[in-house]
Structure formats: structure tokens, C-alpha cells
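Asks: Pasting the sequence and the predicted model now:
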Amino acid sequence: MTLEAIHTILFNMHIFYSLALAIWAAVMAGRNQSISGNYWGAVAVSAILAAVVLLLGIIMTAQGLRLVRTTVYFLYMAWLVVIMPGLYSLLRGRDDRSAAIAFSLLSFFNVFTSMSMFQRGLIGPWLPE
């Protein structure tokens, strides 16, 4: 299996994982529950997964492979890595209903952003320079 195939699989996994986080947070908000520690762990896993995808992109770039718009790819991936922990920091660790709504909306936004990246060819193919 090529590095590009692993990159694509992990990127797709990030899309579905973000969708699961969005639905999970929406259910917690709908039930007026506070955000659990399990959810915080899942948010960390989401950021780590995005970081791994970004790392694979860096490795492929170092090997001489390029996308049509490599700079835009790196900007989007940096967004996906930092935004969920960033929202946690902005909310100062709040775990109430409004925080769950914010995490749900952000997770849905990440899903649509990632799907947009896929549709515009920002994920592949990785071609030699």
C-alpha cells in the first residue's frame, strides 16, 4: 500500500470521525447533558488524527510529490489540526449545553470543509514535481 493510499484512507477516517463527533455533541446538547470526559478524549483523537494526516502530507512533499495546490492543502490541514483544541481553549473548558452546540457546529463545519477539500482535488493525486 502506498503512502498516498494511507493518506487518503486516514483523511476519509477523519471525515467520518468528525461526523461522529458532530452527532455526539448534538445529542448531548439535545439532551441538555454536559460534555463528558469521553468526548474530550475523542476531540484529542480527532486532532491527533488530523496531525497524522498532515504529517503524511509533509513526508510526501519531502519525497518530491506535490498536489495541484499544495499551499492550500497545508493551510486547510493546519486548520483541522488546531481548531478543535482551539475551541476548547476559547471556551475555557466549559462543558455546558452551549459548548456542546459549539462543538457540534464546528465538527459539522470540519466535515464539510474536508469534503470540499476532497471534491476540489486538494487530497490527491500527489504527483512528482
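Replies: Structure's in. What do you need?

Asks: Sketch out the helices for the chain, chain order is fine.
Replies: 3-30, 37-62, 70-90, 97-119 (DSSP state H).

Asks: how about these in CSV, adding mean pLDDT, mean neighbour count and distance to L127?
Replies: From N, CA and C alone the C-beta is placed, and that goes for glycine too. Converted to CSV, the helices of the chain look like this (pLDDT from 0 to 100; neighbours: other Cβ atoms under 10 Å; distance: least, Cβ to Cβ, whole Å):
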stretch, mean pLDDT, mean neighbour count, distance to L127
helix 3-30, 97, 17, 10
helix 37-62, 96, 16, 10
helix 70-90, 96, 16, 10
helix 97-119, 96, 18, 17
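
Asks: I'd guessed S34 sits against S98; true?
Replies: No: using Cβ atoms under 8 Å, S34 makes no contact with S98, being 10.8 Å away.

Asks: Next one: the residue most central in space within the chain from S36, what distance?
Replies: Ranked by distance to the mean C-alpha position of the chain (Cα atoms, centre = their mean), the top residue is L80 at 4.2 Å. L80 is 23 Å from S36, where distance means Cβ to Cβ, to the nearest Å.

Asks: go on, W24?
Replies: In this view, W24 and S36 are 9 Å apart by Cβ to Cβ.

Asks: Cool, thanks, talk later.
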